[in-house]
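Asker: the following comprises the amino acid sequence and a computationally predicted model.
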Amino acid sequence: MLACYIFRFLRGPHLGSGTTFLYDETVKTYFPSRVQLYAQVDTTQRGTTDAGYVHYATHGLPFTLGGATIPAPRLMTRQGEPVAPDSLRSRSPKLVGTIGADFLDHKVLVIGVALE
């Protein structure tokens with residue numbers, strides 16, 4: 001399970017997308033091998049975004065953000081940046097994907113803006 005509060009993973013909200021995505025190029029660096037990452041992926045459930053990016057269903061990569069869990073984010077191929085081995089476990093932020101509207105099912109979104 002990937003957890004924001006442990007490694008300071010960043011995910012940008014992408015509410016124009018109905019789906020939450022993990023970026024394979026970033027996430028793969030947390031697995032001993034690409035084979036182990038793709039063991040969590042259902043390659044029979046392939047999709048393509050409007051921009052032409054390929055993504056697959058997952059069945060073992062839940063993502064926890066605060067108290068909420070995205071049980072089955074999609075894995076988008078050829079997206080993200082690999083993480084250097086010496087910073088894998090550091091608290092520096094790492095962009096691992098985007099949060100889609102599916103994350104907000106049965107929730108209320110409140111966006112606060114700081115006024116100066």
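Answerer: Structure's in. What do you need? Just so it is clear, the model here is predicted, and its values are computed rather than measured.
Asker: please name the residues that touch the most centrally placed residue in the chain.
Answerer: Residue closest to the average C-alpha location in the chain (C-alpha atoms, centre = their mean): residue 22, at 2.8 Å. Going by C-beta atoms under 8 Å, 6 or more residues apart in numbering, residue 22 touches 2, 58, 61, 63, 73-76, 96-97. Where you see a C-beta, it was placed from the backbone N, CA and C, and this is true even at glycine.
Asker: would you mind checking those for buried ones?
Answerer: Using 16 or more other C-beta atoms under 10 Å as the burial test, those include 2, 58, 61, 63, 73-76, 96-97 as buried.
Asker: who touches residue 38 in this structure?
Answerer: Neighbouring residues of residue 38 by C-beta under 8 Å, 6+ apart: there are none.
Asker: what's the distance between it and residue 88?
Answerer: Distance of residue 38 to residue 88, computed by C-beta to C-beta, to the nearest Å: 19 Å.
Asker: now do the nearest residue to residue 71 once chain neighbours are set aside, the pLDDT please.
Answerer: Leaving aside its chain neighbours, residue 71 sits nearest to residue 62 (5.0 Å; criterion: C-beta to C-beta, 6 or more residues apart in numbering). We have a pLDDT of 86 for residue 62.
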